[in-house]
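Q: Predicted coordinates and the sequence they were generated for:
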Amino acid sequence: MGFWHETNTYSAAPTTIEQFRDFELASGSVLAEQNAGVGSVIGGFLDATQFDLVPVFSAGAWPSGPIDSATMAELFDRAHSELSRAGALDGVLLNLHGAMVAEGYDDAEVSAVQAVRDVVGEVPIAGVLDLHANPSPELIGAVDALVSYDTYPHVDMRERGVEAGQLLSTVLEGTGLRTAIRKVPLLVAPIAQATDQDPMRALQQRANQRANQAGLHRVCVVGGFAYSDVSRAGMSVLAIHDDAHETAAADVLQQTIADIEGNAANFVVAREGPATAVRRALGSTKPPVILVDVADNVGGGSAGDGTALLSELLRAGATGAVVPLVDPQVARLAEELGEGAQIETLVGGKTDDRHGPPVPIRGRILRVSDGRYRSSGPWMTGRQFSMGTTAVIDVQGIRIMVMADRTPAFHAEQFTSQGIDPAAARLIVVKGAIAWRGALGDIAGDVIEVAGPGITPVDVHDLPRTTQPVGL
């Protein structure tokens, strides 16, 4: 089963049932077919051949604004129906994100687990969280074993699904497991959470050493999701243990919390603004230069229509650049005009007033497609995705890839499916933070992370908060 959504509470666009239908809203055999052989958490669940598996239900949507209450109620109703249809179950494997927020729910993921328990009762539940989860003690107490991804970029989703299956087997075989949690009220920008770099890499290594020495089943250092105005935001540490190791788990949690607090200063980041970043990019001799539009990170719930970097590139007369942008109006207009036609319009900056104003463009439509592609990279390998109607428009030597639907920068196929060879580009703008590395890291030249406008800013304290994170 699954309820998966990373909620940016600063987004102007609420998440509705349509977004779930677009990404994943499936049950039974359809759910199994969509995830079989795919590098997803549920794909990992399906690898748990030690069970007589019963695919039940999964709802997932791309990161965006809070889920509206009617949508949440509909998802819970569907989950209740599908669980009831499945009959008696010995245990449940549950795919959660950990940073889901919904209107009318104090803690949407706790409500999701309760919706499951309302049908299945007190059977064991093992689950998986995103590394950017904001788990509460109530969520941890509602399940038996809960692990998070170990990697960012997230390339171990399937492996964590397999691991959850192994933990559930342990419980069903008679070893009681519990998950303990401690939290640090530290808000960290995603660009400081890469797990192949310090401080996260070293924190995870030391935590794993402590857990192994203490005889724990697992420890997870969870980076948290700062773009959520909830008190459970911040970094967390999870420890899975049996009854005999409760004290040892508490010691490992305390030591790891102290380790995080001692490294808090290492998570502070600052980056250059768009104008300086573009000047640096144009002076680079290591193409393709990746301009990372951190504050317009679609994978963090941002709009994807930020225009700050496009404006600077046009102003500088840059050529050989590729700029993805979300603008359904322009994508549909390009489809109406057709390939080879001239187009003059305003592009981007239409979702809200936080990502820059619309930019006037005049150019030629190079390509129009339905925006569908299948990923061969490490993020949900083998799954089909869609950017909606997608147009490539040449404007003064810059190729603007205009898509109708928000799609994170997780796959190289976003470009190659549109006839764009990323390795041959001079500059590439990515609307992301770290996850783009799984798609383009192998071909990247210089990488310049940019502090522009948007709702996923480099400085997480640029966003107003009505609640403060609470430690534990």
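A: The structure has been received and is ready for your questions. Note that the structure is a prediction, hence the values are computed from the model and not measured. Residues are numbered from 1 along each chain as shown.
Q: Endpoint to endpoint, stretch 18-27 covers what distance?
A: Length of stretch 18-27, first residue to last, Cα to Cα, to the nearest Å: 16 Å.
Q: and what of stretch 28-48?
A: Counting by Cα to Cα, you get 16 Å between the two ends of stretch 28-48.
Q: so how far is that stretch from its chain's centroid?
A: With Cα atoms, centre = their mean, to the nearest Å as the basis, stretch 28-48 stands 19 Å off its chain's centre.
Q: And the contacts of it?
A: Identification of contacts with stretch 28-48 by Cβ atoms under 8 Å, 6 or more residues apart in numbering yields 2, 4, 24, 26, 53, 55-58, 82, 93, 95, 128, 155, 157-166, 168-169, 378-383. Yep, even glycine has a C-beta here, placed from its N, CA and C like the rest.
Q: The stretch 301-450 of the chain: helices as residue ranges?
A: Ranges of helices within the stretch 301-450 of the chain are 308-316, 328-337, 413-416, 437-440, based on DSSP state H, counting those that start in this stretch.
Q: Show me which positions of the last one end up buried.
A: By 16 or more other Cβ atoms under 10 Å, the buried positions in helix 437-440 come out as 437-440.
Q: Reformat those as a markdown table; add distance to residue 336 and pLDDT.
A: What follows is these, written out as a markdown table (distance: Cβ to Cβ, whole Å; pLDDT from 0 to 100):
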| residue | distance to residue 336 | pLDDT |
| --- | --- | --- |
| 437 | 36 | 95 |
| 438 | 35 | 93 |
| 439 | 30 | 94 |
| 440 | 31 | 96 |
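Q: Farthest-apart pair in those residues, please.
A: Spatial extent of these (Cβ to Cβ) is set by the pair 438 and 440 at 8.2 Å.
Q: ranking the helices of the stretch 301-450 of the chain by burial, who's on top?
A: Neighbour counts (mean count of other Cβ atoms under 10 Å) averaged over each of the helices of the stretch 301-450 of the chain peak at helix 437-440, with a mean of 23.
Q: Show the contacting residues for the spatially most central residue of the chain.
A: With distances taken as Cα atoms, centre = their mean, the residue of the chain nearest its centroid is residue 299 (4.9 Å). Under the criterion of Cβ under 8 Å, 6+ apart, the contact list for residue 299 reads 6, 62-63, 408-410, 431-433, 435.
Q: quick one: it from residue 442, how far?
A: Note on residue 299: its distance to residue 442, by Cβ to Cβ, to the nearest Å, is 19 Å.
Q: now do residue 323
A: For residue 323, the distance to residue 442 (Cβ to Cβ) stands at 21 Å.
Q: Could you pull up the contacting residues of residue 260?
A: The contact partners of residue 260, by Cβ under 8 Å, 6+ apart, come to 184, 186, 203, 221, 235, 237.
Q: let's go with 10 Å and repeat that
A: When the contact criterion is Cβ atoms under 10 Å, 6 or more residues apart in numbering, the partners of residue 260 are 182-184, 186, 188, 199-200, 203, 207, 221, 234-237, 266-267.
Q: a helix runs through it, doesn't it?
A: Yes. Under the criterion used here (DSSP: H, G, I helix; E, B strand; the rest coil), residue 260 sits inside a helix.
Q: could you list every residue that touches the closest residue to the residue nearest to the centre of the chain other than its chain neighbours?
A: If you skip the residues right next to it in sequence, residue 299 has residue 408 as its closest partner in space, 3.6 Å away by Cβ to Cβ, 6 or more residues apart in numbering. By Cβ under 10 Å, 6+ apart, the residues touching residue 408 are 62-63, 297-302, 304, 379, 385, 414, 430-433, 435-436, 439.
Q: same question, residue 52
A: By Cβ under 10 Å, 6+ apart, residue 52 lies in contact with 89-90.
Q: Specify the local secondary structure of it.
A: With three-state DSSP as the criterion, residue 52 was assigned coil.
Q: how close does it get to residue 93?
A: The gap separating residue 52 from residue 93 is 13 Å, by Cβ to Cβ.
Q: surely residue 358 meets residue 306?
A: No. In this structure residue 358 lies outside contact range of residue 306 using Cβ atoms under 10 Å: 11.1 Å.
Q: Find residues that contact each of these two.
A: Listed as contacting both residue 358 and residue 306 by Cβ under 10 Å, 6+ apart are 348-349.
Q: These two: which has the busier surroundings?
A: Neighbours around residue 358 and residue 306, counted as other Cβ atoms under 10 Å, are more numerous at residue 306. The numbers are 30 against 16.
Q: So what does the more buried one have for phi and psi?
A: phi -70, psi 140 (degrees, to the nearest 10).
Q: Return the subset of the contacts of residue 408 lying in strands.
A: Secondary structure defined by DSSP state E assigns 385, 430 of these to strands.
Q: Of the contacts of residue 408, just the buried ones, ChimeraX syntax please.
A: One line in ChimeraX is enough to select the buried members of the contacts of residue 408, burial here meaning 16+ other Cβ under 10 Å:
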select :62,63,297,298,299,300,301,302,304,379,385,414,430,431,432,433,435,436,439
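Q: Tell me how many other residues crowd the nearest residue to residue 444 once chain neighbours are set aside.
A: Distance criterion Cβ to Cβ, 6+ apart; nearest residue to residue 444, sequence neighbours excluded, is residue 290 at 4.8 Å. Close neighbours of residue 290, defined as other Cβ under 10 Å, add up to 25.
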